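# Here's my sequence, what's the structure:
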Amino acid sequence: MPEPDYETFGSLLHGTARAWRLKLDERLKPMGLSQAKWRTLLHLSIAPGTLTQAKIAERLGIEEPSLVTLLHRLENERWVARRSSPHDRRCKMVYLGRRAQRIIAQINAAADELRHELLSDIPASELQTCIKVLAHIRGKAEKHDKLRRNEMRSVYAGGNGQNRNRHPIPRKKALGRAAIKLK
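Below is the predicted model:
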């Protein structure tokens, strides 16, 4: 069996996802939905509960300030509504608006139709293998990201007046560190 072309894999994976999104984007444009809008609405529609702005940004893979601009447009067009969280007023919860609730079925129908067109001639066993491989890669990547975030939290734990062992930093040392960082 020949050696797999590992260098092509990442490019092919990214290109396939991009091409798929662009095809769906093309079909949803007549509904007044850009890729940013329909992806946000879909994430809200499939979430088991209400999502915060931060959670939506994480799911879309964008920074929260970029999302806030997008949500402002979606709110002005009555696709979504934002309200302060009852548990933490600093957090904004995002809800699908009535307009979005009516169009979600159309978005899903267009996505199902495209999925059928793109996958119908692929044997079920090959598709199942592909799904299994992609799920494995995604799981490893997400596990690696989670470990890295946890490591970063422990490294930066001293930024709140405590050292890595969560003991208070003496005031003189804390001020001295700050002065050194400013230089």
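
# Quick check: the residue nearest to Leu70 when sequence neighbours are not counted vs Val68, distance?
Leaving aside its chain neighbours, Leu70 sits nearest to Ala36 (5.4 Å; criterion: C-beta to C-beta, 6 or more residues apart in numbering). Every residue, glycine included, has its C-beta placed from N, CA and C. As judged by C-beta to C-beta, to the nearest Å, Ala36 and Val68 stand 13 Å apart.

# Repeat that for Ser120.
On the measure of C-beta to C-beta, Ser120 and Val68 end up 40 Å apart.

# now Ser85
15 Å.

# returning to what we had before: what residues sit buried inside the helix or strand harbouring the residue nearest to Leu70?
Using DSSP states H and E, Ala36 sits in helix 35-46. By neighbour count on 16 or more other C-beta atoms under 10 Å, the buried set for helix 35-46 is Ala36, Lys37, Trp38, Arg39, Thr40, Leu41, Leu42, His43, Leu44.

# Which residues in stretch 132-145 does the neighbour count mark as buried?
Of the residues in stretch 132-145, none is buried (16+ other C-beta under 10 Å).

# Let me see the mean pLDDT of that stretch.
Average pLDDT, stretch 132-145: 89.

# Run a quick neighbour tally on Ile131.
10 (other C-beta atoms under 10 Å).

# Can you say which helix or strand has it in it?
Going by DSSP H and E, Ile131 is in helix 124-155.

# What's the separation between the residue nearest to Leu70 and Trp79?
From Ala36 to Trp79 the distance is 11 Å (C-beta to C-beta).

# number of nearby residues for Ala105?
Counted with other C-beta under 10 Å, Ala105 comes out at 10.

# And the strands in this protein, which stretches?
51-52, 80-84, 92-96 (DSSP state E).

# buried set for the second one?
Residues of strand 80-84 classed as buried by neighbour count (16+ other C-beta under 10 Å): Val80.

# tell me the pLDDT at the residue nearest to Leu70?
Looking at Ala36, the pLDDT reads 90.

# again with the one 4 residues further on
In the prediction, the pLDDT value recorded for Thr40 is 93.

# Equivalent analysis for Asp25, please.
In this prediction, Asp25 carries a pLDDT score of 93.

# how is this protein carved up into domains?
Per automatic domain parsing, the structural domains of the chain span 7-121, 124-183.

# list the contacts for the closest residue to Leu42 other than its chain neighbours?
Take Leu42 and drop its neighbours on the chain: the residue closest to it by C-beta to C-beta, 6+ apart is Ile107, 6.3 Å away. Counting by C-beta atoms under 8 Å, 6 or more residues apart in numbering, Ile107 makes contact with Leu28, Met31, Leu33, Trp38, Leu41, Leu42, Ser45.
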